[in-house]
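[1] Sequence first, predicted model second:
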Amino acid sequence: MTREKWEVRTDKEWKLELKTQELLEQKEFEVIIKILSEFFKSNSGNIYLWEIYSEALINLNQLSKALLWLDRIIETNELWAKEQILRALYNRAYIYLLRNNFDEAIKSLEECFLEDVRYLEKVMKDPRFSVLLDLKKFQEIIQPSKEFKVNEYITLKLYGKKTVIYVCGEIYSTCHTAVLSIPTEDAEYLDYDSIDEFFHYIEPITSEKLDASITPDVEFWVHCSNIQAWADFNYDTRILQDYLAFGILKKLSDNEVKDALIIFREEIIKRLKSGWINILLFFLEENYISSYLNEDDLFSSLLNQEEALAMERIAKLTRLGYTLTTDIEESYLEGSRFRSKEHFHFSMEDGYVSTLEILLDYNNHFLIIDCLRRLPRLDKLHIFYSFKPRNLGYILQGLGFELFRHEEGLMGFKKHS
């Protein structure tokens, strides 16, 4: 089946999914069976309805019928349906367990583990599978073939073809392809601030490209070497891929590992100073800036002294904290991931404020406008107001701005081109 075939669902199917999902939460299993059995007489349905139907069948102990529908899900064998397929394999293992067919149960679980090792952690915590834990055959599939301890907090294990990172005793992530070599004729490292920025411009040779000749064992040791070097260099995020470096540091911080939070915050600031747009976008996506840096971090660490003093005064006058963003215009879009509901926003370049939001009221407008004179590279200004001075446009025109946006309670100004 093609992705498009299953993703184009009719309105009837959408409504049916919502209704039966709600019934599933209410444990109205017999009602679900009645509704979907009738629907399937004239429609093939889709993988989402099959999953709900099989769940209801399992809960009603109609195991043979449930197995047929689970197999139907598994046989779709589509990448986009990976989560549904894994859940189907897991539920199929449970049915085999109920039938005391331990070999088939273990076989289904092994398929889960090979695709997503997080299911290993799930089954270890699931009391329904406790009877399997001491079986030799089960022990064989849950034991890693290789293990490497980076330090007391970080361990890597090899399960089948998957390298898995454990942080503070818990599965953190499955490693992706390993970087094996870099084209030396292009390796002008000093021109780039991090390994991710380097790979943005220079394509490395990875294990994925050489999958015919690189064994899982070799790839495992490459990952171990990379993460060991990163840890030895005091978790310097420039030498490891960002999603791994910052993700592991966050996990260490959340587990209150000594100095991890300090290093995490310092690394965010250090990388923001590089000015690379992709790292800023990454931090905004992960909500790292507003969650882990306060206003003082942003002003004193990222801005030059004159700009920092001006922003500190503006923040006090607006009585609402500031956080960093990228395109303020884009942040106004509904559902934007670049906008915080608890803060006003600014963006910066080379230590200077480039765009800024402010709030004007009757008491603060003269003082804030005076602060704007101390931001020489301010290019765009977004003004929220409860009180608008009559000569505001004239004053800002004197500072080199022109109006480009005006709606109720909001005015946008930009520097003359």
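    Done, it's in. Worth saying up front: this structure is predicted, and the values here are computed from it rather than measured.
[2] Okay, strands next: where are they in the stretch 1-150 of the chain?
    146-149 (DSSP state E, counting those that start in this stretch).
[3] where does it have low pLDDT?
    Along the stretch 1-150 of the chain, segments meeting pLDDT under 70 span 1-9.
[4] Repeat the analysis, applying 80 as the threshold.
    Counting by pLDDT under 80, the stretch 1-150 of the chain shows low-confidence ranges at 1-9, 77, 79.
[5] for the residue nearest to E147 when sequence neighbours are not counted, what are its contacts?
    Among residues not flanking E147 along the chain, K157 sits closest, at 5.0 Å (C-beta to C-beta, 6 or more residues apart in numbering). For the C-beta atoms, the positions are set from N, CA and C on the backbone; glycine is no exception. The contact partners of K157, by C-beta atoms under 8 Å, 6 or more residues apart in numbering, come to P144, K146, E147, F148, T163, V164, Y166.
[6] Compare these and tell me which is most surrounded.
    Within the contacts of K157, most neighbours by other C-beta atoms under 10 Å means T163, with 27 neighbours.
[7] Averaged pLDDT, whichever strand or helix holds that residue. What do you get?
    Here T163, judged by DSSP states H and E, is contained in strand 162-167. Averaging pLDDT along strand 162-167 yields 91.
[8] Buried by neighbour count: which residues of whatever helix or strand H382 lives in qualify?
    H382 belongs to strand 380-385 when assigned by DSSP H and E. Residues K380, L381, H382, I383, Y385 are the ones in strand 380-385 that count as buried (16 or more other C-beta atoms under 10 Å).
[9] picking up where we left off before, adding distance to E13, write the contacts of K157 out as TSV.
    Output for the contacts of K157, formatted as TSV (distance: C-beta to C-beta, whole Å):
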residue	distance to E13
P144	42
K146	45
E147	46
F148	48
T163	39
V164	37
Y166	41
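[10] The nearest residue to E30 once chain neighbours are set aside: what's it in contact with?
    Once flanking residues are discounted, E30 sits nearest to L60: 6.8 Å by C-beta to C-beta, 6+ apart. For L60, the contacting residues are F29, E30, I33, by C-beta under 8 Å, 6+ apart.
[11] redo that, cut-off 10 Å
    F29, E30, I32, I33, A66 (C-beta atoms under 10 Å, 6 or more residues apart in numbering).
[12] Contact partners for the closest residue to the fourth one other than its chain neighbours?
    Counting by C-beta to C-beta, 6+ apart, A56 is the residue found nearest to I33 once chain neighbours are left out, at 5.4 Å. A56 is in contact with 20, 23-24, 27-36, 62, 66, 69, counting by C-beta under 10 Å, 6+ apart.
[13] go on, N61?
    So N61 contacts F29, I95, L98 (C-beta under 10 Å, 6+ apart).
[14] same check, this time on R265
    Residues near R265 by C-beta under 10 Å, 6+ apart: L249, S253, Y288, Y292, L293, N294, D297, S301.
[15] Might you report the residue contacts of the first one?
    In this case it means L249. L249 is in contact with 167, 230, 235, 237, 240, 257, 260-261, 263-265, 267-268, 288, counting by C-beta under 10 Å, 6+ apart.
[16] What subset of those residues is buried?
    For these, a burial check counting by 16+ other C-beta under 10 Å picks out 167, 230, 235, 237, 240, 257, 260-261, 263-265, 267-268, 288.
[17] Just put those residues in CSV and tack on secondary structure.
    What follows is the buried ones among the contacts of L249, written out as CSV (DSSP: H, G, I helix; E, B strand; the rest coil):
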residue, secondary structure
V167, strand
W230, helix
Y235, coil
T237, helix
L240, coil
V257, coil
A260, helix
L261, helix
I263, helix
F264, helix
R265, helix
E267, helix
I268, helix
Y288, helix
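[18] Would you mind checking the average pLDDT for stretch 392-399?
    Mean pLDDT, stretch 392-399: 88.
[19] Off-centre distance for that stretch?
    42 Å (C-alpha atoms, centre = their mean, to the nearest Å).
[20] next one: stretch 281-290
    Here stretch 281-290 is found 9 Å from its chain centre; the criterion is C-alpha atoms, centre = their mean.
[21] for that stretch, which positions count as buried?
    F282, F283, L284, E286, Y288, I289, S290.
[22] and if you look at stretch 310-324?
    Applying 16+ other C-beta under 10 Å to stretch 310-324 flags A310, M311, E312, I314, A315, L317, T318, Y322, T323, L324 as buried.
[23] got it, and stretch 297-313?
    Neighbour counts over stretch 297-313 (16+ other C-beta under 10 Å) mark D297, L298, F299, S301, L302, L303, E307, A308, A310, M311, E312 as buried.
[24] now the helix or strand where the last one lies and strand 380-385, what's the angle there?
    Secondary structure from DSSP H and E places E312 in helix 305-318. With axes from the mean of the first three to the mean of the last three C-alpha atoms, to 10 degrees as the criterion, the two stretches helix 305-318 and strand 380-385 enclose an angle of 20 degrees.
[25] what's the spacing between N61 and K162?
    Applying C-beta to C-beta, to the nearest Å, the value for N61 to K162 is 34 Å.
[26] Can I get the buried residues of stretch 310-324 in CSV including distance to L403 and pLDDT?
    CSV is the format used below for those (distance: C-beta to C-beta, whole Å; pLDDT from 0 to 100):
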residue, distance to L403, pLDDT
A310, 22, 94
M311, 23, 95
E312, 27, 94
I314, 20, 93
A315, 25, 92
L317, 22, 88
T318, 21, 83
Y322, 23, 91
T323, 26, 88
L324, 25, 89
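[27] So of these, which two are at opposite extremes in space?
    Comparing every pair within these by C-beta to C-beta identifies L317 and L324 as the most remote, at 19.2 Å.
[28] on that earlier part again, which one of the contacts of L60 is nearest to R128?
    Checking those one by one against R128 (C-beta to C-beta), the nearest turns out to be A66, at 14.9 Å.
[29] Residues in a beta bridge with the closest residue to D217 other than its chain neighbours, which ones?
    The shortest distance from D217 to any non-neighbouring residue, by C-beta to C-beta, 6+ apart, is to K146 (6.6 Å). Beta bridges link K146 to L158 when assigned by DSSP bridges.
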